[in-house]
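Asks: sequence unknown, structure follows:
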């Protein structure tokens, strides 16, 4: 009763106010304005500011790379029309002629050389893409050559993430160097942009809204029909959902899992979902001789393959998919996802689940008939439902006599705890959850290099191999595939190395989480598996 | 009076230093911003290098001293999250928060005082009882729930008000205002109600109990005996005598409205300082958090001082006494 009257009061008050304002003419938005929202803002307009999917994906609408990704993540010509290796250590890029920047200045090899150097210096976050590069040089007005220190078959693929900016514009505005967080000065490129892409930056209000308009002089034939795009960050998930239902936005990028069903029931809304390229997995400390957080002293149970197998085959990913993920996950047995070069479909089969007594027998054979106790580190704001997945794992392992002490914390604290230190000393964890996508190269070698090869300060490999898993045969294969240019030989190496790490139960891959977007019915768009949102594929009815 | 204000300002500096110091001691517990600042492929050396350059490996007192030193010369540094100058980030967000807080305060005081007077004068009338019952819910429902319910009702179901954002704004120098466009005014309604509802109930209940108290006093009876009009008695004599505690509470609540607009701003994607602060906490953006906390504590000090000065205006007894005595409460 009290509740009803309270609502009565609130609505009466608001009605009075709303009534007074309703007389105002509602301005008719122009026909093809597309409004969309995401939980967070793009952190900068500088394409080298962060090596982060959302930033790069957003800026790809304004800036363009030499070689861009098509709808299936394959490579296609953008600012370069032809590219390849003229010798094992020299790459060439023949540039598109007649392209103009948004301010009308022509695009030439100077812009490319300038941009690549800018991405590899100052406060740029993209330096990792240049590890193999020895020299970048102009070889004519529309040809750029790159000399590498060793054969790098993945260079063009990696550089799909390097966006090209106008040299003249950057120099004029004193933005020749990528902004540096440690310098106490503002960079013009943080809030302004000058590229060749399908959209022009009209207005940037950091944290509030960013407005793009169509580039009428774009070199490519537009596949979109938008004239204006308004992007707004809306942090609160419930507000984002309400805004979509009310028609205040046309599309939301991150859909909270609990709202997907609700949105699917709305006749005006389409929910678009597909697997993401990131694999979420669990890892164990196989490096220390005694676990940091366990009641077993003097030895490390995870060094025994039978223990890892018992863990792996007791975790029911299908149940996690059904209950925790509400169907929005794609269980996997591999550390890479479909769509990534080097994904081996025939090996993507998880071994069958063990009954608790079978798993207990494996543990007993390994010398732990009573099970044991172990700490478990999880983020609680990094992956979809991360903490809930970990809680489910705790329950599943309890059935085989493993007492898991879960510590779920915010990402900044979490990563500090578990990641390797600068001298490659192992992080402070015994059992942990991580997610990884080879976002730089779209190739499995990145996964071997970062997660599976033996960690070593000398070779710089295995930096994110938190577990310390080490298998010499895998190490050798991974090093060989890095420089192998023969596709068939390389695929054989990938197959072999993939078999080795899966048979070792090196990690417990769980699933690819689903990329879930939602849009109003009048919007048609394309959703790539790497969670980029290219505006050039959007049409409004 | 001048001495009183000067003393208050000196105290303000002490408060700011204390807040700053506590803030910096706590920042070590929010985690490491470096991992959020760099991409996943960034090498360990580069991470260490960045940490060293930002001075994050220094002790909290040293970081604090450096921050105060820079702040004293007007440099608040660059945001770790966006690389924007912190001073500008906050200045850009300040108008949105202040306009929202102002509207919420007007809503709370403008409705709270009359409703309080009404329920105080007619405590047994059924409308007063209903208002009392309703106000209980206003105090007990969490802000974000009220906000979401309002959005659901007015934006999704009725589709008359925007669900989020600030609408179109007009620029006056560095100040942006939503008061001069229809979309700006419409956008203010729901957040203002959400933010001000708690204060409204609080003020209403306070005025009511003070009114009940005052209406029983002798001078009100004398005033009636003198044949003064109800209007003169209720507002000229009774209400005026209830105002000292009301001003205290309203003043403190105004500070709270500004500081705790955080929740409302997050729900309505309102581009104000509160939202900026939430984003900064998630990221570990120390320069922005430090500057924000100092600014909010500065607001509190200033509002408190204004409240103390207002006592002189409403309470003639204080004008005869020393200013220092009035400063204590």
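Replies: That came through fine. All figures in this text were calculated on a predicted structure; none of them were measured in a lab. Numbering: from 1, shown residues only, chains lettered A, B, ... in the order given.

Asks: wait, what's in contact with residue A:511?
Replies: Counting by Cβ atoms under 8 Å, 6 or more residues apart in numbering or on different chains, residue A:511 makes contact with A:279-280, A:317, A:320-321, A:325, A:329-332. Yep, even glycine has a C-beta here, placed from its N, CA and C like the rest.

Asks: so it is in which element?
Replies: Using DSSP states H and E, residue A:511 sits in strand A:507-520.

Asks: report the rounded mean pLDDT for that strand.
Replies: Strand A:507-520 carries an average pLDDT of 94.

Asks: repeat that for stretch B:123-140.
Replies: When pLDDT is averaged over stretch B:123-140, the result is 87.

Asks: before we move on, the earlier item: just the contacts of residue A:511: which are in helices?
Replies: Among the contacts of residue A:511, the subset assigned to helices under DSSP state H consists of A:317, A:320-321.

Asks: next SSE after the strand holding residue A:511?
Replies: Note on strand A:507-520: by DSSP H and E, the next helix or strand toward the C-terminus is strand A:523-524.

Asks: residue A:185 and chain B, how far apart?
Replies: 8 Å (Cβ to the nearest Cβ, to the nearest Å).

Asks: again with residue A:361
Replies: Residue A:361 is 39 Å from chain B, by Cβ to the nearest Cβ.

Asks: how much space between that residue and residue A:415?
Replies: To residue A:415, residue A:361 is 36 Å away according to Cβ to Cβ, to the nearest Å.

Asks: before we move on, the earlier item: adjacent strands (with direction) for the strand holding residue A:511?
Replies: Here strand A:507-520 has these sheet partners by DSSP bridges: strand A:251-252 (antiparallel), strand A:269-284 (antiparallel), strand A:329-331 (antiparallel).

Asks: now render those strands as TSV, adding mean pLDDT and mean neighbour count.
Replies: Converted to TSV, those look like this (pLDDT from 0 to 100; neighbours: other Cβ atoms under 10 Å in any protein chain shown):
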stretch	mean pLDDT	mean neighbour count
strand A:251-252	95	24
strand A:269-284	93	21
strand A:329-331	94	20
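
Asks: and residue B:254, which of those is closest to it?
Replies: Of all the strands paired with strand A:507-520, strand A:251-252 sits nearest to residue B:254, with 34.8 Å by Cβ to Cβ.

Asks: is the helix or strand following the closest one anywhere near chain B?
Replies: Proceeding N to C from strand A:251-252, the next assigned helix or strand is helix A:260-265, under DSSP H and E. No: judged by Cβ under 8 Å from any Cβ of the partner chain, helix A:260-265 and chain B are separated, with a smallest distance of 11.5 Å.

Asks: related to what we said a few turns ago, between residue A:361 and residue A:415, who's got more neighbours?
Replies: Each of residue A:361 and residue A:415 has its neighbours counted (other Cβ atoms under 10 Å in any protein chain shown); residue A:415 has more, 21 against 16.

Asks: does the more buried one touch residue B:38 like I think?
Replies: No: look at residue A:415 against residue B:38 with Cβ atoms under 8 Å: they stay out of range, at 10.6 Å.

Asks: quick one, domains of the chain?
Replies: This is for chain A. A:41-215, A:276-513 (automatic domain parsing).

Asks: that's the wrong chain, I wanted chain B
Replies: Following automatic domain parsing, chain B resolves into domains at B:2-72, B:89-328.

Asks: between those domains, which gets nearest to residue A:479?
Replies: Closest of those to residue A:479 is domain B:2-72, at 17.7 Å (criterion: Cβ to Cβ).

Asks: OK, contacts around the most centrally placed residue in chain B?
Replies: By Cα atoms, centre = their mean, chain B has its centre lying nearest to residue B:258, at 1.9 Å. Shown in contact with residue B:258 (Cβ under 8 Å, 6+ apart): B:97-98, B:101, B:296, B:299.

Asks: check those residues against chain A, which are close?
Replies: Of those, not one also sits near chain A (Cβ under 8 Å from any Cβ).

Asks: ok, residue B:270 touching residue B:96?
Replies: Yes: counting by Cβ under 8 Å, residue B:96 is a contact partner of residue B:270 at 6.1 Å.

Asks: quick check: neighbours shared by those two?
Replies: residue B:166.

Asks: does anything pack onto the helix or strand harbouring residue A:357? Which helices or strands?
Replies: Element membership for residue A:357 (DSSP H and E) is helix A:356-365. Applying 3 or more Cβ pairs under 8 Å, 6 or more residues apart in numbering or on different chains; DSSP states H and E, we find helix A:356-365 packed against helix A:305-312.

Asks: same for the helix it packs on, what does it pack against?
Replies: So helix A:305-312, by 3+ Cβ pairs under 8 Å, 6+ apart, packs with strand A:269-284, helix A:356-365, strand A:507-520.

Asks: let's see it at 10 Å
Replies: strand A:269-284, helix A:356-365, helix A:386-398, helix A:487-503, strand A:507-520 (3 or more Cβ pairs under 10 Å, 6 or more residues apart in numbering or on different chains; DSSP states H and E).

Asks: below-threshold pLDDT in the chain: ranges please.
Replies: Looking at chain A here, since you left the chain open. Judged against pLDDT under 70, the low-scoring parts of chain A cover residues A:1-31, A:181-184.

Asks: think we crossed wires, I meant chain B
Replies: Chain B contains residues with pLDDT under 70 at B:39-41, B:318-329.

Asks: contacts only, for the nearest residue in space to residue B:178 that is not next to it in sequence.
Replies: Of all residues not flanking residue B:178 in the chain, residue B:184 sits nearest, at 3.0 Å (Cβ to Cβ, 6 or more residues apart in numbering or on different chains). Counting by Cβ atoms under 10 Å, 6 or more residues apart in numbering or on different chains, residue B:184 makes contact with B:99, B:162, B:165-170, B:176-178.
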